[in-house]
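Enquirer: Here's a sequence, model it:
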Amino acid sequence: AKEELADARARLPELEQAALLMLAPKDKDENASAILEIRAGTGGEEAALFAGDLLRMYQRYAGQRRWKFELESVSETGIGGVKEAVASVSGAGVFGRLKFESGVHRVQRVPETEAGGRIHTSAATVAVLPQPEGEIDIVIDEKDIRIDTMRASGAGGQHVNKTDSAVRVTHLPTGIMVVSQEKSQHQNRANVMRILKAKLYDIERERQHAARAADRKGQIGSGDRSERIRTYNFPQGRVTDHRINLTVYNLPEVINGALDPVLDALAAEDQARKLAALEEGD
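Expert: Have a look, this model is predicted:
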């Protein structure tokens with residue numbers, strides 16, 4: 001019984017952490033896929049080399065979790081560095097795991113371009129944005145539109161001139177107006193609604209892009225070395241996450257995609273904070 005009690009006490013912290021993860025409220029985008037953006041920050045060519053290291057780190061991590069990693073665009077330097085890269089990462093729970101990576105990552109090491117053996121500090125920025133599931137669904141409320149029928153103008157002969165077949169729809173909240181002048185009024189109604197939905201979809205898409213840009217700006221800051229969330233110190237073989245004061249001494253494994261120990265700790269801290277806020281609200 002004493003041995004079992006000692007074993008149970010040893011397991012207690014792990015079980016408490018697991019309980020926190022299950023009890024705390026979840027992010028609505030927890031299971032969404034994500035857009036991953038990496039940019040070289042302060043540090044010139046060495047920063048671009050480090051950005052390339054980060055890109056490969058996330059690519060390997062995605063492979064370990066069987067996520068689909070698609071490189072959308074990349075701007076490379078002459079010696080293998082990356083100025084900027086954008087990737088789409090698809091799979092179950094992608095954003096829920098990678099959302100903690102947004103911010104400035106700092107590296108301390110002797111660059112390949114350094115002949116004197118001096119340690120340099122450089123930085124790269126990472127932004128992780130959720131991808132909404134499926135296409136944006138445009139729902140048009142009947143009270144928000146006005147539909148008018150009228151005679152079509154222009155060439156078309158007797159039928160066009162004497163029949164109220166043309167249809168004009170006005171979307172009252174935005175002022176968008178669409179007109180269709182086919183011979184069939186039924187076809188015209190279908191046409192104007194299809195075009196109106198396309199126009200409203202484009203407005204919503206631009207709004208989401210603007211929101212993403214603002215979100216991205218808030219995530220990555222200026223790219224300055226001082227605004228860091230994590231430091232990769234190669235001479236000491238350590239990785240330090242400054243948000244939770246976590247240091248691990250397995251830098252080669254981390255840079256090769258072994259991110260779970262760090263991400264698990266960040267997730268546990270995040271869920272504990274949410275649970276604490278929930279308890280305070282009660």
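Enquirer: now the helices for the stretch 51-200 of the chain?
Expert: In the stretch 51-200 of the chain, the segments counted as helices under DSSP state H, counting those that start in this stretch are 94-98, 157-162, 185-220.
Enquirer: Convert the C-alpha atoms of the first one to CSV, please.
Expert: Once side chains and other backbone atoms are set aside, the C-alpha atoms of helix 94-98 remain, and they are given as CSV (Å, rounded to 0.1, in the frame of the first residue of the first chain):
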residue,chain,number,x,y,z
VAL,A,94,-3.2,22.2,-36.4
PHE,A,95,-4.1,25.7,-35.2
GLY,A,96,-4.6,24.4,-31.6
ARG,A,97,-0.9,23.3,-31.6
LEU,A,98,0.8,25.8,-33.7
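Enquirer: what's the average pLDDT for that helix?
Expert: For helix 94-98, the mean pLDDT works out to 90.
Enquirer: Tell me where the stretch 151-282 of the chain is predicted with low confidence.
Expert: Applying pLDDT under 70 to the stretch 151-282 of the chain flags residues 151-164, 182, 202, 205-206, 209, 212-213, 215-227, 277-282.
Enquirer: switch to 80 and redo it
Expert: Flagging of the stretch 151-282 of the chain using pLDDT under 80 yields the residue ranges 151-165, 179-185, 187-188, 191-192, 194-195, 197-199, 201-202, 204-227, 271-282.
Enquirer: residue ranges for the strands of the protein, please.
Expert: According to DSSP state E, the chain carries its strands in the segments 33-40, 68-76, 82-90, 103-109, 120-131, 145-150, 166-171, 176-180, 228-233, 238-241, 246-248.
Enquirer: Reformat these as TSV; add distance to Y58 and mean neighbour count.
Expert: Every C-beta, even on glycine, is put in place using the N, C-alpha and C of the backbone. Output for the strands of the chain, formatted as TSV (distance: least, Cβ to Cβ, whole Å; neighbours: other Cβ atoms under 10 Å):
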stretch	distance to Y58	mean neighbour count
strand 33-40	6	24
strand 68-76	8	13
strand 82-90	7	18
strand 103-109	11	22
strand 120-131	8	22
strand 145-150	45	13
strand 166-171	42	20
strand 176-180	41	17
strand 228-233	13	20
strand 238-241	14	20
strand 246-248	17	15
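Enquirer: Show me the beta-bridge partners of L129.
Expert: Residues in a beta bridge with L129, per DSSP bridges, are I35.
Enquirer: can you check T121 too?
Expert: For T121, the beta-bridge assignment (DSSP bridges) gives partners Q108.
Enquirer: repeat for S180
Expert: For S180, the beta-bridge partners under DSSP bridges are V167.
Enquirer: so who does it touch?
Expert: S180 makes contacts with 166-167, 187-189, 191-192, 195, as judged by Cβ atoms under 8 Å, 6 or more residues apart in numbering.
Enquirer: swap the cut-off to 10 Å and go again
Expert: 152, 165-169, 187-195 (Cβ atoms under 10 Å, 6 or more residues apart in numbering).
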